[in-house]
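# next one to model:
(one chain, ligands or ions: 2)
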Amino acid sequence: MAAKVFAISNQKGGTGKTTLTMNFAAGLCQRGRTLVVDADPQGSAAQWAGLAPDESPFPVSVITMAGNLARELNRFREDYQYVVIDCPPTLDSEITPLAMSASDTVLIPVLPSPVDLWASMKLAQTIEQAKLTNPAMQAYLVINQLEPRSALSRAMQQALAEFDLPSLQNWLCRRAIYRTSAIEGNSVFGIGKRGAAAAQEIESIIEEVI
Ligand SMILES: Nc1ncnc2c1ncn2[C@@H]1O[C@H](COP(=O)(O)OP(=O)(O)OP(=O)(O)O)[C@@H](O)[C@H]1O
Ligand SMILES: [Mg+2]
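Ligands and ions are numbered 1, 2, ... in the order given. Okay, here's the model as predicted:
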């Protein structure tokens with residue numbers, strides 16, 4: 001069976017693409033063979049995995065890729081059950097459109113502020129373009145870094161309603177454990193109880209999209 005391919009994209013920097021990529025992939029690999037494609041020239045996903053100690057490597061292989069993304073993805077589709085592509089924070093290269101054209105689902109992490117959401121608006125055009133060649137592709141906003149005890153502001157709810165793309169029902173809270181697990185080259189699934197609440201929210205996202 002061909003892999004399900006996810007692109008994690010937002011041309012706005014620092015919204016949580018790599019954090020979502022790595023934790024989402026770590027959750028998916030408990031269900032089937034999973035690959036992370038680091039399509040960001042910054043190489044953050046590969047660096048993240050590189051921080052893992054030799055005796056406990058990151059549970060998913062990370063492959064660095066910029067050129068020939070489309071061709072290589074065809075090959076990965078045969079060998080894996082899930083492929084997760086970490087896209088760069090720009091729309092000025094071919095990488096993001098290529099990744100979207102090859103994906104079943106695009107996940108767009110956004111910070112829970114209307115200003116950040118507005119900065120991501122241009123992405124909706126890129127998604128529309130990708131849908132011309134890949135009409136079955138689905139795209140969802142994923143709210144990241146929600147403050148645990150504060151609900152979404154009304155301004156944010158309004159901004160989400162104006163955005164052309166739907167949002168997932170599940171979101172990620174702002175939790176220090178996302179940062180510390182990254183420093184350890186690990187995921188929130190690999191650090192025991194400390195990561196349990198975060199792992200549960202990643203699981204909920206996985207269940208919502210697969
Ligand atoms: N839910 C969260 N809770 C706490 N910290 C988070 C969360 N999500 C992301 N971060 C932190 O925010 C910073 C930016 O996240 P990340 O690197 O995943 O974003 P990015 O979109 O991949 O950035 P870039 O655009 O540079 O590729 C990192 O320091 C990360 O650890
Ligand atoms: Mg990144």
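
# find the nearest non-adjacent residue to Gly50, please.
Gly185 (6.8 Å; C-beta to C-beta, 6 or more residues apart in numbering). (C-beta placed from N, C-alpha, C; glycine too.)

# next, count neighbours for Gly195.
Applying other C-beta atoms under 10 Å, we find 22 residues neighbouring Gly195.

# picking up where we left off before, how close does the residue nearest to Gly50 sit to Ala7?
Remark: distance between Gly185 and Ala7 (C-beta to C-beta, to the nearest Å) = 23 Å.

# so the two - more neighbours on which side?
Shown here are Gly185 and Ala7; by other C-beta under 10 Å, Ala7 has more neighbours (31 against 18).

# which ones are touching that one?
Counting by C-beta atoms under 8 Å, 6 or more residues apart in numbering, Ala7 makes contact with 85, 87, 96, 99-100, 102-103, 105-107.

# change it to 10 Å
17, 21, 37, 39, 83-87, 95-108, 127, 130, 137, 139 (C-beta atoms under 10 Å, 6 or more residues apart in numbering).

# ok, the lengthiest helix in the chain near ligand 1 or not?
The longest helix of the chain (DSSP state H) is helix 196-209. No: judged by C-beta under 6 Å from any ligand atom, helix 196-209 makes no contact with ligand 1; its nearest approach is 7.7 Å.
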